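Chemist: Please find the sequence and the predicted model below.
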Amino acid sequence: MINNLVIVESPAKAKTIEKILGKNFQVKSSMGHIRDLSKNDLSIDTKKNFVPRYSVPPEKKKVVSELKSLVKKSKVVWLASDEDREGEAIAWHLAEELDLKPDKTRRIVFHEITKDAIEEAIENPREINQDLVNAQQARRVLDRLVGYELSPVLWKKIKPSLSAGRVQSVAVRLIVDREREIIGFKSTSAFKISAIFDVKGNKGKKYEVKAELTEKFTGKKQALDFLNLCKSAVFTVENVVKKPSRKSPSPPFTTSTLQQEASRKLGFSVAQTMAVAQRLYEAGKITYMRTDSVNLSNAALDAASELISRAFGEKYGNRKNYKTKSKGAQEAHEAIRPTGLDHETIAGTAAEKRLYELIWKRTIASQMSDAQLEKTTVTIGISNAREKFIAEGEVLKFDGFLKVYFESSDDEPEEDSAGLLPPIEKGMTLIYDNIAATERFTHYPPRYTEASLVKKLEELGIGRPSTYAPTISTIQQRGYVLKEDRPGRERKFSLLVLKNNTIREETKTENTGAEKNKLFPDNIGMIVNDFLVEYFGNILDFNFTAFVEKEFDEIAAGKLVWHKMIAKFYKPFHERVTSTLAKSAVNKGERKLGSDPETGKPVFVRMGRFGPVVQIGEVSAPEKPRYASLRKGQNLESITLEEALELFKLPRTIGKFEDKDMVVSIGRFGPYILHNSAFYSLNRNTDDPYTVEADRAIEIIREKRLKDQTKVLKTFPEDTELSILNGRWGPYIKYRKENYKIPKTTDPGKITYKECLALISNPPARKKGKK
DNA sequence: CAGTGAGCGAGCTTCCGCTTGACTT
């Protein structure tokens, strides 16, 4: 017989709590929700109060039967799931499914896993809050209705297997909207003026001071006029102002801020951060990693302040607890922090170490004092112009939390930060070393990264810590969004430099627009988005979630009946679904670009069976239309007629080699040359299939042939299907179309037929990790 | 591996939010 059975959500949590509670308590986990709407149908009675039909999904059967048998052996069952909407629902589902009798069931909650908090919870049990449970049911039912009624509309009107939902569709919209802003962005340029002045300090020491003009000039002529004025100008220090300023540390990590900082500082993807954090959590190294709370337990605050005084001194400490600012936060857990603050580092993989250290630093810094700075601003007047030069310097007076942590930002890297200024006094006359006018271009708003998208979603109150990573993977899996690198392009800019009383003009080039790991909408994402915005604008509205959340709060407060709220939403929504199915045309993102100058036939782009395609001519016309696939990075909505026609220039016959034609085209694996029924790949980076000429093609063919000659290292008379080949990663065994690795310990030059057979029948174990 | 773009019809796809393993390459 068990006296007390405690059920929590996570097994790692169960282990910790069991240690705290001791022998009289057995602690088990439910592994999250144990029941849900069936995934095969709607499972909601839309005719009768939206009654949900719940069932235990197959993967949860085992947990439930285990819990059932434990319950039978227990005197009292303590439902200790999280104190939020989902946690309350988990407790309720457990009570229902395990058939728990009220007299032997207690509901308890705690926000931190400490002895005090848990003991206090045990002393203050309550009953399941049915209003809160109903708010969760409303959330669940609404999401199911939206997802399972919208998705089939997309299958019929756009493409099978697509999906839509309250969260994912808004995430896609953010990315599509941003891309359109970028496509429509008109970059303008202006001339920024910066000067370097020579300053003589006492003892004749020379310093340089960098200053910037308060105004920019829109044209080169104005910039030139200004530099000409400077030739005869006297520069005088008009003012020196010193001002103290402070920098405060950021709050401890939540899921969202951890994902952002790990992305910026460690280059982790959102999924990677969560996987590493999960391992740290399971190893007992950090607190729970799916949280929206910035709260720290008293024990953690004590430990931090003790550690800070000991390691850095009393004045570095600033004990405080932060308040969450994010919309819809439920704060069922603590912030993400090390469980043992005295461990600055841990044993583990490189990724685990780095993430842990990031969490440690952020937590400690959050309990440290502000950094104090002194900012100096020097205003330099120009005798014959009204503009001023400004030189700025910043000195750190007290480092405070900066001793351990510096937060990164998403913005473009700042130009060299201001440092210490040399001794300058009001009234000094300065002599310029040089004054430069540099043409600078305005930049389009940045594309989202996974982490900055999470940040935006959190600001909008859309999604939860447990869903940020899965949402981002879903919108990529559906093909709505691609995470990609894009090469930049070269751009010319003007530079005018005044030095030694003469002005020199230069044209320079810079690389602009290069992107790394950014989210781009793909054609299908844009089509789906436009369709949803047109027919279901209310759900795609950025405030839709915030609006329904307010109603869920009212349900939780007992002021609103959940199925009435759903009924009010569902009636117009369902009518819209029906009318959209009846009225709207099948949407393939078709767009007419113009007509083909050669034949006069219309030129269209649209989604075809195998992706976006250009079509010349109508299907109904007597002559069959011609087709060409769009290239990677080309969009249905932005491709021009010229670009579309260009696609029909392939395949190109570019000449003869060894009496056979050389034909250039683009296949699944990129551009290639076809010659004498053999394929030769063009170099994606340096060769352009639209312009490549015969000489270069021959060169490529010869290179490939040479490579192939050295490809076969060894053959065996015993079996012609077996050979040792030289591949991209070194020698390998090829046998009947399959490839096999040769271990590093074996010399591929001396390998025998027998050894090969052994490696084929018993290949060395591969590293796991791939699906 | 190097190209597709027809048409019919059956059967399937899909949401968000809790939480971890147990499968194979």
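Modeler: Ah, there it is.
Chemist: where does the residue nearest in space to the middle of chain A fall, phi/psi-wise?
Modeler: For chain A, the residue nearest the mean C-alpha position is A:Glu450 (0.7 Å; CA atoms, centre = their mean). Backbone geometry at A:Glu450, expressed as degrees, to the nearest 10, gives phi -50, psi -50.
Chemist: ok, and the helix or strand in chain A with the lowest average confidence?
Modeler: Every helix and strand in chain A was compared by mean pLDDT, DSSP states H and E; the lowest is strand A:738-741, with a mean of 72.
Chemist: neighbouring strands for it, and are they parallel or not?
Modeler: Based on DSSP bridges, the pairing partners of strand A:738-741 within the sheet are strand A:730-735 (antiparallel).
Chemist: could you measure the nearest residue to A:Asp82 once chain neighbours are set aside against DNA strand B, distance?
Modeler: Using CB to CB, 6 or more residues apart in numbering and skipping residues adjacent in sequence, the residue nearest A:Asp82 is A:Ala332, 3.7 Å away. Just so you know, the C-beta spots here come from the backbone N, C-alpha and C atoms, and that holds for glycine as well. Between A:Ala332 and DNA strand B the distance is 8 Å, computed by CB to the nearest atom of the strand, to the nearest Å.
Chemist: And A:Ala300, by the same measure?
Modeler: 19 Å.
Chemist: can you check A:Glu425 too?
Modeler: From A:Glu425 across to DNA strand B, the span is 60 Å (CB to the nearest atom of the strand).
Chemist: likewise A:Gly87?
Modeler: Counting by CB to the nearest atom of the strand, the gap from A:Gly87 to DNA strand B is 7 Å.
Chemist: for that residue, what are its contacts?
Modeler: A:Glu9, A:Ser81, A:Val109, A:Ala332 (CB atoms under 8 Å, 6 or more residues apart in numbering).
Chemist: pretty sure the last one contacts A:Arg290?
Modeler: No. Proximity of A:Ala332 to A:Arg290 does not meet the contact threshold set by CB atoms under 8 Å, at 9.4 Å.
Chemist: Any buried residues in the lengthiest helix in chain A, and which?
Modeler: If you go by DSSP state H, chain A has its longest helix at helix A:130-157. Residues A:132-142, A:144-150, A:152-154, A:157 are the ones in helix A:130-157 that count as buried (16 or more other CB atoms under 10 Å).
Chemist: Check which helices and strands that helix sits against.
Modeler: strand A:36-37, strand A:44-45, strand A:51-52, helix A:85-97, helix A:523-535, helix A:544-556, helix A:562-583 (3 or more CB pairs under 8 Å, 6 or more residues apart in numbering; DSSP states H and E).
Chemist: run the last query once more with 6 Å
Modeler: Packed against helix A:130-157 by the contact rule (3 or more CB pairs under 6 Å, 6 or more residues apart in numbering; DSSP states H and E) you find helix A:85-97, helix A:544-556, helix A:562-583.
Chemist: just the ones you listed: most buried one?
Modeler: When these are scored by mean count of other CB atoms under 10 Å, the highest mean neighbour count falls to helix A:85-97 (a mean of 22).
Chemist: by how many degrees do that one and helix A:544-556 diverge?
Modeler: Helix A:85-97 and helix A:544-556 meet at an angle of 50 degrees, taking axes from the mean of the first three to the mean of the last three CA atoms, to 10 degrees as the criterion.
Chemist: Using PDB, list the CA coordinates for helix A:85-97.
Modeler: Extracted C-alpha coordinates of helix A:85-97, given in PDB (Å, rounded to 0.1, in the frame of the first residue of the first chain):
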ATOM      1  CA  ARG A  85      -4.800  26.600 -17.700                       C
ATOM      2  CA  GLU A  86      -3.200  23.500 -19.200                       C
ATOM      3  CA  GLY A  87      -2.000  22.200 -15.900                       C
ATOM      4  CA  GLU A  88      -5.500  22.500 -14.400                       C
ATOM      5  CA  ALA A  89      -6.900  20.600 -17.400                       C
ATOM      6  CA  ILE A  90      -4.300  17.900 -17.000                       C
ATOM      7  CA  ALA A  91      -5.400  17.500 -13.300                       C
ATOM      8  CA  TRP A  92      -9.100  17.300 -14.400                       C
ATOM      9  CA  HIS A  93      -8.400  14.800 -17.200                       C
ATOM     10  CA  LEU A  94      -6.400  12.700 -14.700                       C
ATOM     11  CA  ALA A  95      -9.300  12.800 -12.200                       C
ATOM     12  CA  GLU A  96     -11.800  11.800 -14.900                       C
ATOM     13  CA  GLU A  97      -9.700   9.100 -16.600                       C
END
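Chemist: Quick one: distance of it to the chain centre.
Modeler: How far helix A:85-97 lies from its chain's middle: 32 Å, per CA atoms, centre = their mean, to the nearest Å.
Chemist: average model confidence for that helix?
Modeler: Taken as a whole, helix A:85-97 carries a mean pLDDT of 98.
Chemist: mean confidence for the host helix or strand of A:Asp177?
Modeler: Here A:Asp177 sits within helix A:168-183, counting by DSSP states H and E. Averaged across helix A:168-183, the pLDDT comes to 97.
Chemist: What residues of the very next helix or strand once past that helix count as buried?
Modeler: Once the chain leaves helix A:168-183, the next helix or strand it forms, by DSSP H and E, is strand A:189-200. Within strand A:189-200, the residues that qualify as buried are A:Ser189, A:Ala190, A:Phe191, A:Lys192, A:Ile193, A:Ala195, A:Phe197, A:Val199, counting by 16+ other CB under 10 Å.
Chemist: Can you give the contact residues for strand A:189-200?
Modeler: Strand A:189-200 is contacted by residues A:207-213, A:216-218, A:223, A:389, A:422, A:430-441 when judged by CB atoms under 6 Å, 6 or more residues apart in numbering.
Chemist: Same question for stretch A:480-489.
Modeler: With CB under 6 Å, 6+ apart, stretch A:480-489 has contacts from A:172, A:175, A:475, A:511-517, A:519-522, A:525.
Chemist: cool, and stretch A:151-161?
Modeler: Counting by CB under 6 Å, 6+ apart, A:Leu162, A:Ser163, A:Ala164, A:Thr580, A:Ser584, A:Val586, A:Asn587 sit against stretch A:151-161.
Chemist: for the second one, phi and psi?
Modeler: This points to A:Ser163. phi -140, psi 160.
Chemist: Can you report how many residues neighbour A:Ser452?
Modeler: As a burial measure, A:Ser452 scores 19 neighbours (other CB atoms under 10 Å).
Chemist: what helix or strand does it sit in?
Modeler: Assigned by DSSP H and E, A:Ser452 falls in helix A:450-460.
Chemist: what comes up buried for that helix?
Modeler: If you call a residue buried by 16+ other CB under 10 Å, then helix A:450-460 has these buried ones: A:Glu450, A:Ala451, A:Ser452, A:Leu453, A:Val454, A:Lys455, A:Lys456, A:Leu457, A:Glu458, A:Leu460.
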